[in-house]
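K.L.:
Below: sequence and its predicted model.
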Amino acid sequence: MSVAFEADQFLGLARGKGPADMAVVPLAYELTTSYGTGAVDGPQACVDASAQVELYDDRLGADLPAGLVLHTEPVWEGSAPTLLAQLDEMVDHARPFYNGRLFPLFLGGEHGILPALMQAAKSHPVLNGDLSRLTVVQLDAHADLRSELDGEPFSHACAAARSLDVGVGALYQAGIRAYSQEEARRIESDKRITTFFAKDTQHPHTGGEAWGRWLQCLANLSGPVHFTLDIDGLDGALVPATGTPVPGGLSYWQAVETIEALFSNPNVVVISADVNEIVAQEDTPLTQFTAACLATKILASHVLARQEGRWHAANENRADGAQSTFFSAQKGVEFSARS
């Protein structure tokens, strides 16, 4: 059966008619990048590259959207005059996608989007305001557990720390290979954090054993999960245009294996995901195309979870419609590495 093609939609798929089962939500947010820039244009570059990604998924055994309705939303860009106010705008934009009826996949933009997404996730029916029930699974080169970077506690380098501060109950990280002494101490001391370092999982002789332990951790998880994929978690050769590419990272297939293992866990409900730190590569589309392929694998894995009964639409938990001021209220608050 032929499928209508629309270049401005994810995978080139025409916006489905009726209520969405899945939504691709681009977030053009870049206010705290500390090295390479261009993440603000990354979401659109990822959507553009996705038009060249194959629709067929081997585990699903079908072409996407496989009978579901996929909506690609217009690119969001904040308009507020301050960083904290833009995070509040992002919360307001993201919250409707946590209605329990659909699966949202957010495209960034810098990793600083994560705390705002977690604040928005509080309205999801399976959480009902209690973020302590939520586990974040993170692939990343960086721990993102700093108290601040260059004086900014909401820097992209603090995304995981601020998400824990918002109330996230547990954090599982893999691919980590660039972190500070402050972050190393927090990883050691904070029982909510489980970190698999790339020096272990990528070791040429013993890496397979360490990687197996990571997959076993994913198999042992239960309850609601948000999956956050900073593409610099992959080896820098795969995503050289990302803001801070780091050598020695995960292979493409390890990222795929993580996604498949997480979504296939019968005790886990992945309520949302994000792929971030996408930067358009000018000489070749490798970076944005890699991001688009992994975003596609996330969507296909969600479809399979629906088909096999691991994901069900939940009753909508209606928000009161009030405008978020959570992050604006954090002005002047001091954050420590052990907050």
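P.N.:
Arrived safely, thanks for sending.
K.L.:
okay, how far is it across stretch 219-227, tip to tip?
P.N.:
Criterion CA to CA, to the nearest Å; first-to-last residue distance in stretch 219-227 is 14 Å.
K.L.:
what does that stretch rub up against?
P.N.:
117-118, 121, 124, 126-127, 133-137, 168, 172, 259, 261-262, 265, 267-274, 298 (CB atoms under 8 Å, 6 or more residues apart in numbering). In this view, the C-beta of every residue, glycine as well, is placed from N, C-alpha and C.
K.L.:
Derive a PyMOL selection command for the buried subset of these.
P.N.:
Selecting only the buried entries of those in PyMOL, with 16 or more other CB atoms under 10 Å as the criterion:
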select buried, resi 117+118+121+124+126+127+133+134+135+136+137+168+172+259+261+262+265+268+269+270+271+272+273+274+298
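K.L.:
Please enumerate the strands of the protein.
P.N.:
Counting by DSSP state E, the chain has strands at residues 22-27, 56-57, 62-63, 70-72, 103-108, 135-139, 170-176, 193-197, 223-230, 268-276.
K.L.:
Rebuild these as CSV, extending it with distance to residue 247.
P.N.:
Below are the strands of the chain laid out as CSV (distance: least, CB to CB, whole Å):
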stretch, distance to residue 247
strand 22-27, 28
strand 56-57, 30
strand 62-63, 36
strand 70-72, 33
strand 103-108, 22
strand 135-139, 16
strand 170-176, 12
strand 193-197, 14
strand 223-230, 15
strand 268-276, 20
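K.L.:
Among those, which comes closest to residue 325?
P.N.:
Proximity to residue 325 (CB to CB) singles out strand 22-27 among those, at 19.4 Å.
K.L.:
Give me the buried stretch members for stretch 141-150, please.
P.N.:
141, 142, 143, 144, 145, 146, 147, 148, 149.
K.L.:
Where do the helices of the stretch 101-250 of the chain begin and end?
P.N.:
Applying DSSP state H, counting those that start in this stretch to the stretch 101-250 of the chain gives helices spanning 114-121, 159-166, 181-189, 198-201, 207-220.
K.L.:
Deepest-packed of those, please.
P.N.:
helix 114-121 (a mean of 27; mean count of other CB atoms under 10 Å).
K.L.:
Neighbours of the closest residue to residue 314 other than its chain neighbours, how many?
P.N.:
Leaving aside its sequence neighbours, residue 314 sits nearest to residue 100 (CB to CB, 6 or more residues apart in numbering; 3.4 Å). Look at residue 100: counted by other CB atoms under 10 Å, it has 17 neighbours.
K.L.:
Could you do residue 49 as well?
P.N.:
With other CB under 10 Å as criterion, residue 49 counts 23.
K.L.:
tell me the contacts of it?
P.N.:
285, 288, 289, 291, 292.
K.L.:
gap between it and residue 227?
P.N.:
20 Å (CB to CB, to the nearest Å).
K.L.:
which regions of the stretch 1-150 of the chain lie under the pLDDT threshold?
P.N.:
1-5, 34-36 (pLDDT under 70).
K.L.:
Give me the residues contacting stretch 253-270.
P.N.:
Residues contacting stretch 253-270 (CB under 8 Å, 6+ apart): 59, 103, 126, 137, 139, 174, 201, 211, 214-215, 218-219, 221-227, 229, 233-234, 294, 297-298, 301-302, 304-305, 310-311.
K.L.:
give the contact list for the residue nearest to residue 292 when sequence neighbours are not counted.
P.N.:
Of all residues not flanking residue 292 in the chain, residue 50 sits nearest, at 3.9 Å (CB to CB, 6+ apart). Residues in contact with residue 50 (CB under 8 Å, 6+ apart) are 10, 11, 12, 292, 295, 296.
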